[in-house]
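Student: kindly return the folded structure for what I paste below:
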Amino acid sequence: MIIESRENKKIKYLKKLRNNKFMHEERKFIVEGEHLVNEAKASGLLIETYSVKEVDYGVLNNIISKNLMEYVSNLPSCPSVIGVVKFIKEDLTLGNKIIILNNVQDPGNLGTIIRSAKAFNIDTIVLSLQCVRKYNEKVVRASQGMLFKVNVVTKDLKYFIPYLKENGYNVYATSVVNGKDVRKANLNGKVAVVMGNEGNGIEDGIKALLDESIYIKMNDDCESLNVSVAASIIMYEMNKEN
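Tutor: Numbers count the residues shown, from 1 in each chain. Now for the predicted structure:
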């Protein structure tokens, strides 16, 4: 049976999952398109699917009309399938290599940082309380499924950074004006690097908690790098075997 009505209770539920508060109450989120649905399935978190034709992802599938798919989808081009997915369990084991994001706001930046973190074997990404949320639909899309493969947690940095230092981590700030060339910094062992907000950098109160600053040497004609580009370069350096 094909679902065709916007008044169908399942369609109403899907639309409600777009609401941030309801999504967190239900601890479920939506992914769109075959690639992300496959990644969700591989992670074991896929609950059910909605498609415009018969598909089999090993979970309950609901066939809906193309008009309804366009109604429930937020993509400019209508996907063939969307999935409802459980929230990802956060790993309390942080690992040795950590990237901390202080109030990063752009979902595209966070999604790109998550992809790079997987590429360069970063153990954990830590989001401050004011960061864009990891289940933001644009973050989910920009991560290209790597959200399911990288440990991303949210912490209050004014307590979390002292906790890291008490547990033997070197915690670096990033700066465009001073500090040590990232290529010469000791990024071995237990290391965390803090990346700041797109416009304002690292908060002064957070910066005061950090051990020292590192920077990326670049052409003097360029004042700064996009935070996702800078984070990717730093994660590449963290992944080097020195």
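Student: which strands or helices does the helix or strand bottoming out on mean pLDDT in the chain pack on?
Tutor: Among the helical and strand segments of the chain, the one scoring lowest on mean pLDDT, DSSP states H and E is strand 180-181, with a mean of 87. Contacts defined by 3 or more Cβ pairs under 8 Å, 6 or more residues apart in numbering; DSSP states H and E place strand 180-181 against strand 212-215. Yep, even glycine has a C-beta here, placed from its N, CA and C like the rest.
Student: for whichever helix or strand comes after the strand it packs on, name the packing helices and strands.
Tutor: The helix or strand immediately downstream of strand 212-215 is helix 227-239, counting by DSSP states H and E. When contacts are defined as 3+ Cβ pairs under 8 Å, 6+ apart, helix 227-239 sits against strand 97-101, helix 107-119, strand 191-195.
Student: please redo it, this time with the cut-off set to 10 Å
Tutor: Under the contact definition 3 or more Cβ pairs under 10 Å, 6 or more residues apart in numbering; DSSP states H and E, helix 227-239 sits against strand 97-101, helix 107-119, strand 170-174, strand 191-195, strand 212-215.
Student: what pairs with the shortest one, parallel or antiparallel?
Tutor: So that's strand 212-215. Looking at strand 212-215 with DSSP bridges, its partner strands are strand 170-174 (parallel), strand 180-181 (parallel).
Student: all the helices of the protein, residue numbers only.
Tutor: Along the chain, the segments classed as helices by DSSP state H run 9-16, 20-26, 34-43, 66-72, 107-119, 137-142, 157-166, 204-207, 227-239.
Student: winner for burial among these?
Tutor: Most buried of these by mean neighbour count (mean count of other Cβ atoms under 10 Å) is helix 107-119; its value is a mean of 22.
Student: number of residues surrounding Lys86?
Tutor: As a burial measure, Lys86 scores 15 neighbours (other Cβ atoms under 10 Å).
Student: of all the helices of the chain, which lies closest to Val126?
Tutor: helix 157-166 (6.6 Å; Cβ to Cβ).
Student: which strands or helices does that closest one pack on?
Tutor: Packed next to helix 157-166, using 3+ Cβ pairs under 10 Å, 6+ apart, are strand 97-101, strand 124-127, strand 170-174, strand 191-195, helix 204-207.
Student: at 8 Å instead, please
Tutor: On the basis of 3+ Cβ pairs under 8 Å, 6+ apart, helix 157-166 makes packing contacts with strand 97-101, strand 170-174, strand 191-195, helix 204-207.
Student: of all these, which lies closest to Ser77?
Tutor: Closest approach to Ser77 among those (Cβ to Cβ): strand 97-101, 29.8 Å.
Student: who does that closest one pair up with?
Tutor: Taking DSSP bridges as the criterion, strand 97-101 forms sheet pairs with strand 124-127 (parallel), strand 191-195 (parallel).
Student: still on that earlier bit, can you flag the weakest of the strands paired with strand 212-215 by average pLDDT?
Tutor: Set side by side, those give their lowest mean pLDDT on strand 180-181, at a mean of 87.
Student: got a list of contacts for it?
Tutor: Glu212, Ser213, Ile214, Tyr215, Lys217 (Cβ atoms under 8 Å, 6 or more residues apart in numbering).
Student: okay, and the beta partners of the third one?
Tutor: Legend: beta-bridge partners of Ile214 under DSSP bridges are Thr174, Lys180.
Student: that one is in contact with Thr174, isn't it?
Tutor: Yes. At 6.1 Å, Ile214 counts as touching Thr174 under the criterion of Cβ atoms under 8 Å.
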